[in-house]
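# Fold the following, please.
(chains A and B)
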2 protein chains.
Amino acid sequence: MTEDDRLGRDWIVARMNSLGMSVVVDRIGNIFGVRPGLDPQLAPVMTGSHIDTVRSGGAYDGNLGVLAGLEVVATLDEAGIQTARSLVVAVFTNEEGARFAPDMMGSLVYVGGMDLDQALQTRAIDGEVLGQALQAIGYAGDAPLGLFRPDAFVELHIEQGPVLDMEGVKIGVVQNLQGISWQRVVIIGQSNHAGTTPMHLRHDSGYAASAIACFVRELARDMGGDQVATVGKVDLTPNLVNVIASRAELTVDLRNTDEALLKQAEVRLAEFLYKLSESEGVSIDSTSLARFEPVQFDTALADRIARHATLLGLSNRPMTSGAGHDAQMLARICPTAMIFVPSVKGISHNPAEFTEPDDLVAGANVLLATLYELAQRGN
Amino acid sequence: MTEDDRLGRDWIVARMNSLGMSVVVDRIGNIFGVRPGLDPQLAPVMTGSHIDTVRSGGAYDGNLGVLAGLEVVATLDEAGIQTARSLVVAVFTNEEGARFAPDMMGSLVYVGGMDLDQALQTRAIDGEVLGQALQAIGYAGDAPLGLFRPDAFVELHIEQGPVLDMEGVKIGVVQNLQGISWQRVVIIGQSNHAGTTPMHLRHDSGYAASAIACFVRELARDMGGDQVATVGKVDLTPNLVNVIASRAELTVDLRNTDEALLKQAEVRLAEFLYKLSESEGVSIDSTSLARFEPVQFDTALADRIARHATLLGLSNRPMTSGAGHDAQMLARICPTAMIFVPSVKGISHNPAEFTEPDDLVAGANVLLATLYELAQRGN
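Have a look, this model is predicted:
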């Protein structure tokens, strides 16, 4: 919801218009381009992703799914094919959660998982209110939420991890998705002089923040399996070389494919925070920024994707997604699955993010074949 | 060297003028108020401290030594006493090092320990160049450095630690001062997605920064004695909840009264940084921001302070200063010692910093008696 976001949205809308699609914007700013089918009674088939990005992100994350959806439409146009069902290409608002928490907000609100007014009142890390930001860029639409009831949803995305690249496999057929727990932790200690305060008399918020980051690394190592844990954001106050920090704010990102294990990780973190607050003599408060259970995608739809990949001569394998995606929200209302293409060296959320052009084309071809088949089905 | 600093300096200069002192500003912005003695052939006696502060500091740190020096002058004026030696009250530039490193810069340059041009070219953490900042606030003076060759230097300061307050002792007679080693550590890892990057494939600068903070805590605990160690400043890039940090910058503050032990701490830190860079697959570069050896003050001058405290009925004890002070620079060119008064609960570099009014008066009285005696001596 920045000026750059507006420019990206305008570009997508212009492209949808030039493809003859009708464009609808809903109240949380999600954009839908519609290519009408032959039978308006049949529920549409939906694809799409997001075009927002983390501050230092790459070019492929999200954008690939939206642009490939539009390319599917262009390809059907060139072939002179009108499908039985309508095709909808969706651009969901604020998938990354970089300024406004939680992430995947547009798709979450779309499927009824978050109250619209609450979402519009969300405050950015820089203080701006989401509803006002959306109006400022001209994307506070008036279409009702959940306007389309898709027959199925398929999202093409880069893997953002190293597995396909390392194994030399072209297509990932995503079966399920890790659960996510984001917490903001605020530590209040006592600011004091770094030279004159004996070690045993310190209440050091900066040390406590570091101890938490070291603990979650150890937690992930100890739990093993799919468990990952990250402290990506730390802010100390006053943040000076010779002053013991009075206040620290940090985030903890925990993910697991197994809900019971994810809960276990949360409990162990909470226990550690309690012990640390006692031993360091600081107060520690933790609040949830986002919490999503692991998601199981539609097996039949995943099998359909795998079959099309094989028919196209593309090596493929079942996968778990470690990242959150809009598809996990759509899975609440219709059969859903995802297609992954390789990320070179697994680099993502980084300007060096890269996928070979051939792999982009391969992913888009699997998307085309899958959407075409879905859109030709009757009831 | 901010607008607030200018206002403080203007206030001090006006006060010096109203006391009939002549005011001299040197090329690094140090301010000297001179009260002439009877014999211009005798080297002057100097007192003073600093009026700059850390961003979230208290009211007493530094200011006490300057204001008490002016109060000594006012008291001698009221008593109609002209001393044999001149009295000089000094205000040294940038003692804290909060914007410009190193700290204690004004006194360091004054005694010839740092090149003037190098100091004037120092860049602030916000980018401003020191020489230009000094000109902007009107305190780029033209007096040569080291203009006065003091016969002795005595600085009154709050303890900034808990010892006097905990023991109920009124006056600390400072015999020596901890050595200080400040380092800036820059870690370059690889930005990546917090959900999709397996733990063993991470090059996480944020984790590495935290591991360093935890290590220096353990180092201080393990070495014991006077060793203190602090990570007060940490900045991660991009500093987002779901992105593994690509870059971290932090500071390490190590202090010890024993130079050999301080060197040992530096070596152990360097070894840890090397091992960490190997195990995490990140590059780690460390540069020295400030390095001062422990300082031994003048024993005869310290004894003189202790005797005057006792004569005034004030309990007193020998002490080590854990903080750096301008006095440690003056000790390079003349007999020097310091007077400490209690800091309630040892709180310092914090708006809650507090010293009881009676204790401020007690410290100023010891300063008066000591300076008077020094200034009446012949050669």
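
# Per the annotation, how does chain A divide into domains?
A:3-177+A:294-376, A:179-292 (automatic domain parsing).

# could you say what helices and strands the worst-scoring helix or strand of chain A on mean pLDDT packs with?
Lowest by mean pLDDT, DSSP states H and E among the helices and strands of chain A is strand A:192-193, with a mean of 88. Counting contacts by 3 or more CB pairs under 8 Å, 6 or more residues apart in numbering or on different chains; DSSP states H and E, strand A:192-193 is packed against strand A:243-244. For glycine as for every other residue, the C-beta is placed from the backbone atoms N, C-alpha and C.

# what are the pairing partners of the strand it packs on, and which direction each?
Sheet pairing of strand A:243-244 (DSSP bridges) gives strand A:192-193 (antiparallel).

# for the stretch 51-200 of chain A, what spans make up the strands?
For the stretch 51-200 of chain A, strands defined by DSSP state E, counting those that start in this stretch occupy the ranges A:87-91, A:152-158, A:171-177, A:179-188, A:192-193.

# ok, now the stretch 251-379 of chain A?
A:283-292, A:295-296, A:316-321, A:336-341.

# In contact with the residue of the stretch 1-150 of chain A at minimum distance from chain B, which residues?
Nearest residue of the stretch 1-150 of chain A to chain B, counting by CB to the nearest CB: residue A:56, 4.3 Å away. Contacts for residue A:56 (CB atoms under 8 Å, 6 or more residues apart in numbering or on different chains) come out as A:349-351, B:191, B:237-238, B:243, B:246.

# How about the residues of the stretch 51-200 of chain A by chain B?
A:54-56, A:96-98, A:101, A:103, A:159-162, A:178, A:180, A:182, A:190-199 (CB under 8 Å from any CB of the partner chain).

# and those residues, which are buried?
Among these, those buried by neighbour count (16 or more other CB atoms under 10 Å in any protein chain shown) are A:54, A:56, A:96-98, A:101, A:103, A:159-162, A:178, A:180, A:182, A:190-197, A:199.

# In terms of helices and strands, where is the residue nearest to residue A:138 when sequence neighbours are not counted?
Of all residues not flanking residue A:138 in the chain, residue A:6 sits nearest, at 6.6 Å (CB to CB, 6 or more residues apart in numbering or on different chains). For residue A:6, the host element (DSSP states H and E) is helix A:3-18.

# who's in contact with that helix?
A:23, A:31, A:33, A:51-52, A:66, A:70, A:89, A:91, A:137-139.

# Most neighbours out of those residues, which is it?
Counting by other CB atoms under 10 Å in any protein chain shown, residue A:91 has the largest number of neighbours within the contacts of helix A:3-18, with 31 neighbours.

# which residues sit in contact with it?
With CB under 8 Å, 6+ apart, residue A:91 has these contacts: A:9, A:12, A:30-32, A:48-51, A:66.

# Can I get the residues you listed in CSV including pLDDT?
Shown next, in CSV, are the contacts of residue A:91 (pLDDT from 0 to 100):
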residue, pLDDT
A:9, 98
A:12, 98
A:30, 98
A:31, 98
A:32, 98
A:48, 98
A:49, 98
A:50, 98
A:51, 98
A:66, 98
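
# Quick one: buried ones out of those residues?
A:9, A:12, A:30-32, A:48-51, A:66.

# Next one, pLDDT for the nearest residue in space to residue A:26 that is not next to it in sequence please.
What sits nearest to residue A:26 in space, not counting adjacent residues and going by CB to CB, 6+ apart, is residue A:143, at 4.1 Å. Residue A:143 carries a pLDDT score of 96 in this model.

# For residue A:86, list the residues it contacts.
Residue A:86 neighbours (CB under 8 Å, 6+ apart): A:34-37, A:40, A:42, A:44-45, A:375.

# And these, which is the shakiest by pLDDT?
residue A:40 (91).
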